[in-house]
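> Compute the structure for the input listed below.
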Amino acid sequence: MRTREIFTPGRFPTWTYVDDHLKDKEDQLRDTIEDGSMLVSISGPSKSGKTVFVENVLGRENLIQVTGAGVKTPSDLWLRVFDIIGTPIERSSNTSSTKSGTIGGKVGGEGGILVAKAKGEASASASYESGQVELETAAIDFLQLLIRELADTDFVVFIDDFHYIEHSIQSDLAEQIKEAIRQGVKFICASVPYHSDDVIRSNPDLRGRFFSIDFDYWNSDFLKKIAYKGFDKANIVYRNGLVDRLAEEAAGSPQLMQYLCLNACLEKGIRDVPDSPTDLIYEKEFFDEICRRTVASTDYSSIAEKMLDGPKTRGSDRKIYISKFGWQGDVYRFLLKALSVDPPRLNFRYQPLVDRIGSLCDGVSPSGSSITNACFHTANIANDSANDNVVEWDGENDVFDIRDPYLLFYLRWSEIADG
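Numbers count the residues shown, from 1 in each chain. Here you go, the predicted model:
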C-alpha cells in the first residue's frame with residue numbers, strides 16, 4: 001500500500017476517517033433523509049469536512065452530487081443532475097439535420113448511478129454546435145422532469161457549494177426544491193455561512209421544511225486522530241511532538257491535516273508502507289520542510305499580493321513603519337505579517353490584533369483606526385480577488401476572521417509579508 005492511499009486530501013479518507021464527534025449529526029442526517037419531507041441544510045466553514053461527512057453517512061452510490069459553482073439558472077443545475085443519472089433530453093434542430101432523444105423513464109435504484117448513466121447519451125449543456133448542425137434544448141419543464149425521475153427513489157440530490165449561486169437564483173431554486181421535496185425528491189444543500197446570509201434558511205416558504213446541521217472547524221484532538229490512524233496504517237511510529245505541531249498548523253481543517261500528514265511521509269521518503277516500523281520524530285527543520293512542501297499546493301499568491309498592496313492610494317502616500325526584523329512597510333504589510341505569526345489563528349479580535357502588530361514594530365506602530373480601516377479594505381480585496389468569502393471583517397464587533405485555513409497557511413509559509 002502507498003501512503004497516498006492512506007492520507008487522501010481531496011478524496012474520501014477510507015483509512016483515516018474520523019467521526020467520533022459527528023455521531024449525533026450522522027443520526028440526524030439519516031433520520032431526516034429517511035423521513036424524506038425536509039431539505040437538509042448543511043452549513044459550515046470551508047474545508048471542515050461537510051462533503052466527506054455526507055458521503056460517509058449516505059454512501060456515494062446514493063448521491064447525485066452537483067456543485068453550485070457556475071450555475072446561472074435553475075435549469076443549469078437540473079441539467080447537471082440529468083447528466084449524472086443519464087436522463088436523455090429531447091432536442092430539436094434549427095437546420096435540416098435533426099437529433100432527438102426520449103425524455104425517459106424513472107431512474108431505477110437497483111443498478112446505481114453508473115447503470116442509470118449508461119441509459120442515456122445526452123449532454124448536460126443547454127446547447128452545442130457541431131459542424132453545420134446546431135442543436136438546442138427543447139422547451140422542457142425541468143422541475144417536473146426532475147420529480148418524474150427521482151421522486152420516491154433512494155437517490156439524494158446533493159448540491160454542494162450552494163453559496164456560489166447568485167442570491168436571486170438561490171431564491172428560485174428554493175421554490176423549486178420545496179415543490180420537489182413535496183413530491184418525494186430528497187435534497188441536501190451544503191454551503192459556507194457568511195454573515196448568517198443563507199437564502200435557504202431565511203426563505204419564509206421553507207420554514208418548517210428544512211433541517212439544519214451546522215459544522216465548525218475541528219479541534220486539535222480530532223485532527224490528531226487522523227494522524228494516529230494513518231500513521232498506524234502506514235507502519236510509522238509517530239511522536240506526539242510532530243502530531244501536535246501538525247494539528248496546530250492545520251487550523252481546524254481535516255483536509256489540510258491530511259495534506260500535512262501525507263507530506264510528512266513524502267518528505268521522509270516514505271512512499272510505500274515500510275515492512276518495519278519507521279520513526280517520524282519532530283525536528284524543526286523537518287517540520288519546516290513539511291510545511292514548505294504543503295504550501296506549494298495552496299497557492300494564494302495573487303490574492304495575498306493584492307491584500308499586501310491594499311487599495312489604490314489617493315493623495316499622499318501611506319505612512320511607513322519599521323519592523324524589529326529590519327524590513328519596512330505600511331499598515332497592510334504589518335497586518336498580513338501579524339496574521340501569519342505564531343500561534344496560527346483564524347479569528348482575531350481587535351486588541352490582540354493590535355498587540356500583534358505592535359509587537360512587530362520597532363518604535364511607532366499603526367494607530368487603531370488605521371488598523372481597522374486596513375482590516376475593512378483587506379477583507380474586501382481578498383473576497384473580490386477570490387470571488388469567494390475567504391475573509392470576513394465584522395466592523396461592529398471589530399473581529400477579523402480568516403474563513404479558509406488554506407489562506408492562513410499560505411500567509412504563514414509563503415512569507416509573503418516579509419521584507
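> Show the pLDDT at Ala247.
You'll see Ala247 listed with a pLDDT of 96.
> what helix or strand is it on?
Following DSSP states H and E, one finds Ala247 within helix 240-250.
> Below-threshold pLDDT in the stretch 101-250 of the chain: ranges please.
Applying pLDDT under 70 to the stretch 101-250 of the chain picks out residues 101-139, 194-208.
> For the closest residue to Ser323 other than its chain neighbours, give me its contacts.
With sequence-adjacent residues excluded and distances taken as C-beta to C-beta, 6 or more residues apart in numbering, Ser323 is closest to Leu360, at 5.4 Å. (Glycine included, C-beta is placed from N, CA and C.) Contacts for Leu360 (C-beta atoms under 8 Å, 6 or more residues apart in numbering) come out as Ser323, Lys324, Phe325, Phe334, Lys337, Ala338, Val341.
> The second one contacts Ile357, doesn't it?
No - assessed by C-beta atoms under 8 Å, Lys324 is found out of contact with Ile357, at 11.7 Å.
> These two: which has the busier surroundings?
Shown here are Lys324 and Ile357; by other C-beta atoms under 10 Å, Ile357 has more neighbours (23 against 10).
> From Arg412, how far out is the residue lying closest to that one once chain neighbours are set aside?
Nearest residue to Ile357 in three dimensions, chain neighbours excluded: Ala338, at 4.6 Å (C-beta to C-beta, 6+ apart). Separation of Ala338 from Arg412 (C-beta to C-beta, to the nearest Å) stands at 11 Å.
> More neighbours: the two, which one.
Taking other C-beta under 10 Å, Ala338 and Arg412 do not tie; Ala338 has more neighbours (23 against 19).
> Let me know the pLDDT of that one.
Note for Ala338: predicted pLDDT of 97.
> what residues are up against it?
With C-beta under 8 Å, 6+ apart, Ala338 has these contacts: Leu353, Arg356, Ile357, Leu360.
> If you tally nearby residues, what's the number for Arg245?
16.
> hmm, back to that, could you tell me which of the contacts of Leu360 belong to helices?
Phe334, Lys337, Ala338 (DSSP state H).
> isn't Met38 right up against Asp31?
No - applying C-beta under 8 Å as the test, Met38 and Asp31 come out as separate, 10.0 Å apart.
> Looking at these two, which has the bigger crowd around it?
Using other C-beta under 10 Å, the more surrounded residue of Met38 and Asp31 is Met38, with 18 against 11.
> Over to the closest residue to that one other than its chain neighbours. Which of the three states is it?
Nearest residue to Met38, sequence neighbours excluded (C-beta to C-beta, 6+ apart): Phe211, at 4.8 Å. Per DSSP: H, G, I helix; E, B strand; the rest coil, the secondary structure class of Phe211 is strand.
> Check Ala227 too.
helix.
> Quick check: closest non-adjacent residue to it.
Nearest one to Ala227, counting by C-beta to C-beta, 6+ apart, is Val243 at 4.6 Å.
> Give me the distance between the one you found and Gln255.
Going from Val243 to Gln255 by C-beta to C-beta gives 17 Å.
> try Lys50
11 Å.
> Of all the helix elements in the chain, which one is longest?
Per DSSP H, the chain has its longest helix at helix 368-386.
> buried set for it?
370-372, 374-375, 377-379, 381-383, 385-386 (16 or more other C-beta atoms under 10 Å).
> Now do the strands in the stretch 51-200 of the chain.
63-67, 91-93, 127-130, 133-137, 156-160, 186-191 (DSSP state E, counting those that start in this stretch).
> Then the stretch 251-400 of the chain?
Counting by DSSP E, counting those that start in this stretch, the stretch 251-400 of the chain has these strands, from start to end: 278-280, 321-322, 328-329, 347-349, 391-394, 399-402.
> With distance to Asn235 added, can I get those in TSV?
Output for those, formatted as TSV (distance: least, C-beta to C-beta, whole Å):
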stretch	distance to Asn235
strand 278-280	7
strand 321-322	51
strand 328-329	47
strand 347-349	38
strand 391-394	41
strand 399-402	36
